[in-house]
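In: Here's my sequence, what's the structure:
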Amino acid sequence: MLADGRMQCDLCPRDCKLRDGQRGHCFVRQRIGDAMVLTTYGRSSGFCIDPIEKKPLNHFYPGSSVLSFGTAGCNLACKFCQNWDISKSRDFDRLADQASPEAIAQAALAKGCESIAFTYNDPVIFAEYAIDVANACRQQGIHAVAVSAGYIHAEPRAEFFSAMDAVNMDLKAFSEEFYYRITGAHLQPVLDTLCYLKHETNVWFEITTLLIPGKNDSDAEIKAMSAWIVKELGCDVPLHFSAFHPDYKMMDLPPTPPATLKRARQIALDAGIRFVYTGNVHDVEGDTTFCPNCEQKLIVRDWYEILDYNLSDEGHCPNCETSIPGRFGAFQHNFGRRRIPVAINRQ
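Out: Modelled structure (predicted):
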């Protein structure tokens with residue numbers, strides 16, 4: 001409690017200072033009396049079964065299916081948000097699906113999903129719900145995946161990521177100006193989260209950057225970002241460059257040309273990152289996992305579809321026995337590009 005009677009939310013670097021009844025920037029965290037309440041606990045914008053490659057995670061049980069859901073709200077203000085109807089929703093009637101953590105875990109188990117994913121909007125803002133769901137899933141042998149921009153303070157960050165098995169981190173750009181002007185946030189807390197994941201956890205993580213023409217796609221910025229990743233995180237963190245399409249408050253920009261993604265991929269490879277992918281386009285070479293030692297094609301993909309799988313169950317190249325970083329097991333099936341809506345029994 002602050003001296004002026006306001007209460008500060010300490011979840012993320014926004015440090016929203018609220019009077020009774022007020023909501024934070026994310027809209028879903030509200031001060032009620034002397035408590036900070038998550039108003040969307042147990043409420044979802046809908047459940048779907050997706051391929052794990054859609055998160056995107058290419059080195060986390062490839063070909064498996066993941067039960068995905070989100071809530072409303074977000075603690076960033078990205079002008080290019082491609083899930084804005086969910087993340088910017090102020091209409092709680094959109095959250096028609098209600099389910100307990102145990103019900104979600106049971107549904108994932110019944111549908112044969114390897115994982116549950118918190119996605120569509122950033123799960124750090126519904127951390128309590130995500131942690132409870134992740135813990136319920138672990139009891140059923142189901143992995144927990146977070147798709148996040150990593151904008152969270154150090155103390156809640158430790159609790160949140162301790163419940164996760166894998167993360168796709170959205171590194172939106174590599175400039176403070178971009179973060180401040182286009183996302184309403186700051187770059188350094190995101191870099192801090194990435195370093196935390198690498199050096200203080202065993203969580204598997206991959207990075208995605210959405211390349212926006214004229215905003216974050218210059219050679220200089222991509223080189224600087226790639227050099228930082230190699231220096232601070234190492235060369236084995238998979239990096240995904242995905243294509244922008246006009247949406248929300250950035251309808252005046254063109255879609256990202258496939259050539260931009262290929263150029264960015266080559267820059268990152270030249271910088272020493274060993275696994276670099278292109279996304280949201282048909283690019284078999286850019287979607288394929290190559291052995292960094294002998295260049296054998298290990299997992300051939302087209303978008304979310306696995307066309308050929310040659311990796312051993314232990315995650316080794318069959319040609320030269322090089323160990324590929326990630327989480328692998330017996331390749332049982334290719335879920336493919338399907339997206340299956342799911343109804344959850346509330347319990």
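In: Mean pLDDT per helix and strand in this structure: which one sits at the bottom?
Out: helix 84-87 (a mean of 56; mean pLDDT, DSSP states H and E).
In: how about the helices in the stretch 201-347 of the chain?
Out: Assigned by DSSP state H, counting those that start in this stretch, the stretch 201-347 of the chain shows helices spanning 219-232, 258-271, 284-287.
In: Pipe those into a markdown table and attach mean pLDDT per row.
Out: Formatted as a markdown table, the helices of the stretch 201-347 of the chain follow (pLDDT from 0 to 100):
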| stretch | mean pLDDT |
| --- | --- |
| helix 219-232 | 98 |
| helix 258-271 | 98 |
| helix 284-287 | 97 |
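In: Please produce TSV containing those, extended by distance to residue 209 and mean neighbour count.
Out: Backbone N, C-alpha and C define where each C-beta goes, glycine included. Listed next are the helices of the stretch 201-347 of the chain as TSV, based on distance: least, CB to CB, whole Å; neighbours: other CB atoms under 10 Å:
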stretch	distance to residue 209	mean neighbour count
helix 219-232	7	17
helix 258-271	8	18
helix 284-287	14	18
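In: As JSON lines, the ones you listed with distance to residue 159 would be great.
Out: Listed next are the helices of the stretch 201-347 of the chain as JSON lines, based on distance: least, CB to CB, whole Å:
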{"stretch": "helix 219-232", "distance to residue 159": "23"}
{"stretch": "helix 258-271", "distance to residue 159": "32"}
{"stretch": "helix 284-287", "distance to residue 159": "34"}
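In: right, so of these, which gets closest to residue 112?
Out: Taking CB to CB, helix 284-287 is the member of the helices of the stretch 201-347 of the chain nearest to residue 112, at 24.2 Å.
In: Which of the helices of the stretch 201-347 of the chain sits closest to residue 6?
Out: Using CB to CB, the nearest of the helices of the stretch 201-347 of the chain to residue 6 is helix 219-232, at 36.0 Å.
In: And the closest one, what does it pack against?
Out: Packing partners of helix 219-232 (3 or more CB pairs under 8 Å, 6 or more residues apart in numbering; DSSP states H and E): helix 188-200, helix 258-271.
In: Let me have those helices in a markdown table, adding distance to residue 250 as columns.
Out: What follows is those, written out as a markdown table (distance: least, CB to CB, whole Å):
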| stretch | distance to residue 250 |
| --- | --- |
| helix 188-200 | 20 |
| helix 258-271 | 16 |
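In: got the residue ranges for the strands in the stretch 51-200 of the chain?
Out: 65-69, 97-98, 115-118, 143-148, 166-170 (DSSP state E, counting those that start in this stretch).
In: Which of these comes out lowest on mean pLDDT?
Out: For these, the weakest mean pLDDT is recorded on strand 97-98, namely a mean of 74.
In: Go through this protein and flag its longest strand.
Out: The longest strand of the chain (DSSP state E) is strand 204-211.
In: what comes into contact with that strand?
Out: 56-60, 80, 82, 165-173, 194, 197-198, 216-217, 225, 229, 237-244, 256, 260-261, 264, 279, 326-327 (CB atoms under 8 Å, 6 or more residues apart in numbering).
In: tell me the contacts of the residue nearest the centre of the chain?
Out: Taking CA atoms, centre = their mean, the centroid of the chain lies closest to residue 147, which sits 2.1 Å from it. Residues near residue 147 by CB under 8 Å, 6+ apart: 55, 117-120, 122-123, 167-168, 170.
In: Now the two most distant members of those residues.
Out: Checking these with CB to CB, the most distant pair is 120 and 167, at 15.2 Å.
In: between these two, which one's more packed in?
Out: Shown here are residue 120 and residue 167; by other CB atoms under 10 Å, residue 167 has more neighbours (28 against 22).
In: Roughly how far does that one sit from residue 142?
Out: 16 Å (CB to CB, to the nearest Å).
In: again, but for residue 27
Out: Separation of residue 27 from residue 142 (CB to CB): 29 Å.
In: what does residue 49 give?
Out: 13 Å.
In: Same question for residue 183.
Out: With CB to CB as the criterion, residue 183 and residue 142 are 31 Å apart.
In: cool, and residue 109?
Out: For residue 109 relative to residue 142 (CB to CB), the value is 6 Å.
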